[in-house]
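[1] Structure, please.
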Amino acid sequence: MSRILIVEDEERIAAFVEKGLRANGFTTTVAGDGRTAVDYACTGGFDLIVLDIGLPDRDGFSVLREVREAQVTSPVIVLTARDSVRDTVAGLEGGADDWMTKPFRFEELLARVRLRLRTAARVPEVTVLRSGDLTLDLRTRRARAAARTVDLTAREFVLLELFLRHPDQVLSREQILSHVWGYDFDPGSNIVDVYVRALRKKLGAERLETVRGMGYRMR
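    Below is the predicted model:
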């Protein structure tokens, strides 16, 4: 289980990123300022760092510099509202492995996190997810159930991928909303139920179980 340090002073964004990463099996720690971030990072206990630039006590560039000077080699993904070429170049040349601007989609951040962790660990990429006779090809973006091809919308694809990556795990509506729809979702919406019903119609109702008061689980 990979350990990720989230360096972000905006509580709403930090909570959103943390929930999404935890829902995808990562262990997370949040640091809300630069001093704490450097202290955490220098323990060597993290596999990856998500770093904001606009921190209250010092900017992320100085955090990045201190971390790299301390010989911390964990991949760093900068997640910031700054989008100038000058800042991007400064960050990448200063030791960041990736640069991503806000506002952002969680799916993209998750993909970048997985990519950087794979690159660091040299772990072979998984391109096909399986559960019984159900398969989802992440490259061709095709699903097959009981030897028949199933056409999925973009959201249905992301939702099915989430379930297949967490077989037999109960996923709450909040976790699903955070992962599939991002941080601009309405917590009172029934959109998750609508899309689960759509997947059941296409894949078979028996594949997705409702766990009352908790969420959904793929059998």
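
[2] Contacts only, for residue 9.
    By Cβ atoms under 8 Å, 6 or more residues apart in numbering, the contact set of residue 9 is 32-33, 52, 54-56. In short, each C-beta sits where N, CA and C put it, glycine included.

[3] If you rank those residues by neighbours, which is first?
    residue 52 (26 neighbours; other Cβ atoms under 10 Å).

[4] Not counting sequence-adjacent ones, nearest residue to that one?
    residue 8 (4.7 Å; Cβ to Cβ, 6 or more residues apart in numbering).

[5] If you rank every helix and strand of the chain by mean pLDDT, what lands last?
    helix 173-181 (a mean of 84; mean pLDDT, DSSP states H and E).

[6] list the buried ones in whichever helix or strand comes after that one?
    The helix or strand immediately downstream of helix 173-181 is helix 191-203, counting by DSSP states H and E. Judged by neighbour count (16 or more other Cβ atoms under 10 Å), helix 191-203 contains these buried residues: 192, 195-196, 199, 202-203.

[7] how about the strands of the chain, start to end?
    Assigned by DSSP state E, the chain shows strands spanning 3-7, 27-31, 48-51, 76-80, 98-101, 128-131, 134-137, 142-145, 148-150, 208-211, 215-218.

[8] re the thing from before, and the contacts of residue 9 as JSON lines, adding pLDDT and distance to residue 75?
    Below are these laid out as JSON lines (pLDDT from 0 to 100; distance: Cβ to Cβ, whole Å):
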{"residue": "32", "pLDDT": "94", "distance to residue 75": "21"}
{"residue": "33", "pLDDT": "94", "distance to residue 75": "21"}
{"residue": "52", "pLDDT": "96", "distance to residue 75": "16"}
{"residue": "54", "pLDDT": "91", "distance to residue 75": "21"}
{"residue": "55", "pLDDT": "93", "distance to residue 75": "19"}
{"residue": "56", "pLDDT": "91", "distance to residue 75": "24"}
